[in-house]
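Chemist: Give me a 3D structure for the following:
(chains A, B, C and D)
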Protein chains: 2
Amino acid sequence: MNASSDKPNASALPRMADVAKAAGVTQMTVSRALRDPAKVAPGTLARVRAAVAETGYVPNVVAGVLSGRSRSRIVTALIPTIQHAIFADTVTGLSEVLGPHGYHVMLGETGYRRDEEDALIAAFLAHRPDAFMLTGVTRSPRGRDLLRRSGVPVVETWELSRTPLDMVVGYSNEDAAHAMTRYLAQRGYRRIAFVSGPSRTNERARRRELGYARALRELGLPVLPIPTIGAPSVPTLEEGAAVLDAVLAHGADAIFFTSDVYAVGALLAAQARGLDVPGALGIAGFHDLPIARVVSPGLTTVHVPAHEIGVLAGRKILASLTGAAEPKKSVIPFTLVPRQSTR
Amino acid sequence: MNASSDKPNASALPRMADVAKAAGVTQMTVSRALRDPAKVAPGTLARVRAAVAETGYVPNVVAGVLSGRSRSRIVTALIPTIQHAIFADTVTGLSEVLGPHGYHVMLGETGYRRDEEDALIAAFLAHRPDAFMLTGVTRSPRGRDLLRRSGVPVVETWELSRTPLDMVVGYSNEDAAHAMTRYLAQRGYRRIAFVSGPSRTNERARRRELGYARALRELGLPVLPIPTIGAPSVPTLEEGAAVLDAVLAHGADAIFFTSDVYAVGALLAAQARGLDVPGALGIAGFHDLPIARVVSPGLTTVHVPAHEIGVLAGRKILASLTGAAEPKKSVIPFTLVPRQSTR
DNA sequence: CTGTTAGCGCTTTCAC
DNA sequence: GTGAAAGCGCTAACAG
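Modeler: Below is the predicted model of the structure:
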């Protein structure tokens, strides 16, 4: 409203001192009345509360944090992109748990880029958050170092780690891909292809690729050349469709995509050129998005507990902030969801 | 990591004084070197920069804000729910614009509830954000009052307003629904039903209902009884399917849903019971989600500029923070997207 | 039960 | 070009 005033935050919000004056007490009494009402005489308390209402006082967290004793009540969440419904689910779970306890989520999107993650860690640390929720378990040395010395509780998510920074909530993406690959083989597919987003920047894609290759090795089936989809951003239907020909050229009879979105794109493209799915070509996805149930045939996929990850991350953060007991690590199970896009 | 230490934010992060000591200068010189390098001798600057790197210094925004001169660089965004892809799009647009300028988005989910919005406004104000982005244009008196006296720039989005708090970016939901309803009539449908989420808590649903009714009045067509879907949360396919029978019972030959998700749910349900879509029943949605292109027949819908809304909101916020010129209000056009779910 | 004093980490004067 | 002093709004510690 008044942006060009001299002092930036020239806020018209009343200070605690204003409340004190209105209530006819000291600022300290107001402070106590607000944070520990039992320590203040009932009459005084009532006057303070009236004064708060009258002045429209909103506590200044900033000052409280600086003074050292009170928390910022900010929890930072870093995800690759909010566009991906699956990460949005996790963030929702997180804030569902934290919100009722007065914590707020400050969201950062890394765009799957390590340097951007580092920049965000530094920038967010500047706000002295009470905790961090991060996606994935691999960080740059600089990122690790910053988080370490900050002393802030950290939850890493969406994967497991033998060397966590602090706390972890996740599942094995390798095992999930392994399970799906074995399932496809069990359904009679023999030339199973794997398609992921850019595995160079996406640790989960990389782990899934490992699981895929491991399963095929175990079964003595061929590992087909792995086409990688370029842009490290949100998966699109178009990309899934575009990759289809390349994969079919290698004689694939099934394709396992690391995203339902790719898989659905390919499914529609396959139907458009008259391919029999699941007969001539089996298609499987990952994540179990709503879209997987909507297409026909329904998409075989892996359900991952996105929301649950956020909930557990929130619980761990609360525990760590209140000193409550809670395991440092939680493994959440994925589930195979067979539908009609595979035999 | 060290949650049970005595002082909550007992952070191990170095202070500016530590950097100063390492560089052999005063804290003041470090401050200047960081914010206005030209005012410091080149040699000193180099020593300070080395000291910053060595100590791993991360500026404390909290202290800067309290001291009065520097901004929090926090922009608060309040949306009904992050689960709805359409609002996620807006948030992405917002942070794409703000991020490069050093601003960070603090996200709040109101769950479509006015009292929750008020609570979040107060809670976020406590962090002294530099600006607010809000969804919708109707607020509680308390919310308006808080925002007013805070003096913080506010952008209201996703609808237009004759009495905006400050800035607005949106489109007319009434006109959008009006256009779709007329389109359906033009395609030959005569008994056009309207289905929305809970309009009591969702201002956009309410406005769309007005547009629907206005169009039918103009055309002399009957306004069918409007079944409202209960839960004020994310639309689900199931809810869309569940409402189908009730609407058909009134002899509808077309249904206009205020969400693609409902529409797709109903579409699948209609197909399941052998109804001819678009012949016997036309179905239209709202938002143009990816899912609308995926179903078969493709879903006729209204494309709304979700991402663009965020981008423009970001631009307005930046302008208002830097004193640049920028209109207070932007109208962004919606687009009708005809597909095969209507004749 | 309430008030006084000091200080959180930084920035803005004003001196040097 | 650099330093010293004061204060932002709040809370902890101690006094009364």
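
Chemist: Give me the mean pLDDT for the strand or helix carrying residue A:293.
Modeler: Here residue A:293, judged by DSSP states H and E, is contained in helix A:290-294. Mean per-residue pLDDT for helix A:290-294: 89.

Chemist: Give me the distance from that helix to the chain's centre.
Modeler: 21 Å (C-alpha atoms, centre = their mean, to the nearest Å).

Chemist: other SSEs contacting that helix?
Modeler: helix A:260-272, helix B:237-249, helix B:260-272, helix B:290-294 (3 or more C-beta pairs under 8 Å, 6 or more residues apart in numbering or on different chains; DSSP states H and E). (C-beta placed from N, C-alpha, C; glycine too.)

Chemist: CA atoms only for the last one - export them in PDB, please.
Modeler: Coordinates of the C-alpha atoms in helix B:290-294 are reproduced here as PDB (Å, rounded to 0.1, in the frame of the first residue of the first chain):
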ATOM      1  CA  PRO B 290      -3.900 -32.100 -17.900                       C
ATOM      2  CA  ILE B 291      -6.400 -34.700 -17.100                       C
ATOM      3  CA  ALA B 292      -8.900 -32.900 -19.400                       C
ATOM      4  CA  ARG B 293      -6.800 -33.800 -22.400                       C
ATOM      5  CA  VAL B 294      -6.200 -37.300 -21.400                       C
END
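
Chemist: I'd like the domain boundaries of chain A, if you could list them.
Modeler: Listed domain ranges for chain A are A:3-59, A:74-171+A:306-333, A:173-303 (source: automatic domain parsing).

Chemist: follow-up on the earlier one: go through the helices and strands packed on helix A:290-294 and name the closest to residue B:159.
Modeler: helix B:260-272 (18.8 Å; C-beta to C-beta).

Chemist: ok, and does the helix or strand just after that closest one reach over to chain A?
Modeler: Once the chain leaves helix B:260-272, the next helix or strand it forms, by DSSP H and E, is strand B:282-284. No. On the criterion C-beta under 8 Å from any C-beta of the partner chain, strand B:282-284 is out of touch with chain A, staying 13.8 Å away.

Chemist: And the helix or strand residue A:211 falls within, what does it pack against?
Modeler: According to DSSP H and E, residue A:211 maps onto helix A:203-219. In this structure, helix A:203-219 makes packing contacts with helix A:173-186, strand A:192-195, judged by 3+ C-beta pairs under 8 Å, 6+ apart.

Chemist: want to try JSON lines for the domains of chain A, with mean neighbour count and distance to residue B:320 as columns?
Modeler: Below are those laid out as JSON lines (neighbours: other C-beta atoms under 10 Å in any protein chain shown; distance: least, C-beta to C-beta, whole Å):
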{"stretch": "domain A:3-59", "mean neighbour count": "16", "distance to residue B:320": "4"}
{"stretch": "domain A:74-171+A:306-333", "mean neighbour count": "21", "distance to residue B:320": "21"}
{"stretch": "domain A:173-303", "mean neighbour count": "20", "distance to residue B:320": "30"}
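
Chemist: Can you check which of those domains gets nearest to residue B:154?
Modeler: Taking C-beta to C-beta, domain A:3-59 is the member of the domains of chain A nearest to residue B:154, at 11.1 Å.

Chemist: Look at the residue nearest the centre of chain A and give its secondary structure.
Modeler: Centroid check for chain A by C-alpha atoms, centre = their mean gives residue A:87 as the closest residue, at 4.2 Å. In three-state terms, and counting by DSSP: H, G, I helix; E, B strand; the rest coil, residue A:87 is helix.

Chemist: Leaving out chain neighbours, which residue sits closest to it?
Modeler: Distance criterion C-beta to C-beta, 6 or more residues apart in numbering or on different chains; nearest residue to residue A:87, sequence neighbours excluded, is residue A:79 at 4.1 Å.

Chemist: same check, this time on residue A:260
Modeler: residue A:285 (3.7 Å).

Chemist: which residues touch that neighbour?
Modeler: A:257, A:259, A:260, A:261, A:262, A:263, A:264, A:292, A:299, A:300, A:301, A:302 (C-beta atoms under 8 Å, 6 or more residues apart in numbering or on different chains).

Chemist: Among those residues, which one sits closest to chain B?
Modeler: residue A:264 (6.0 Å; C-beta to the nearest C-beta).

Chemist: Quick check, that closest one in contact with residue A:236.
Modeler: No. Under the criterion of C-beta atoms under 8 Å, residue A:264 makes no contact with residue A:236, lying 10.3 Å away.

Chemist: circling back to that earlier point, how far is the helix holding residue A:211 from where the chain is centred?
Modeler: With C-alpha atoms, centre = their mean, you get 23 Å for helix A:203-219.

Chemist: now stretch A:60-71
Modeler: For stretch A:60-71, the distance to the chain centre is 28 Å (C-alpha atoms, centre = their mean).

Chemist: Can it be said to contact chain B?
Modeler: Yes. Residues of stretch A:60-71 are located near chain B by C-beta under 8 Å from any C-beta, namely A:60, A:61, A:62, A:63, A:65, A:66, A:68, A:69, A:70, A:71.

Chemist: can you pull out the strands in chain A?
Modeler: Applying DSSP state E to chain A gives strands spanning A:74-79, A:104-109, A:131-135, A:154-157, A:167-170, A:192-195, A:254-257, A:282-284, A:301-303, A:329-331, A:335-337.
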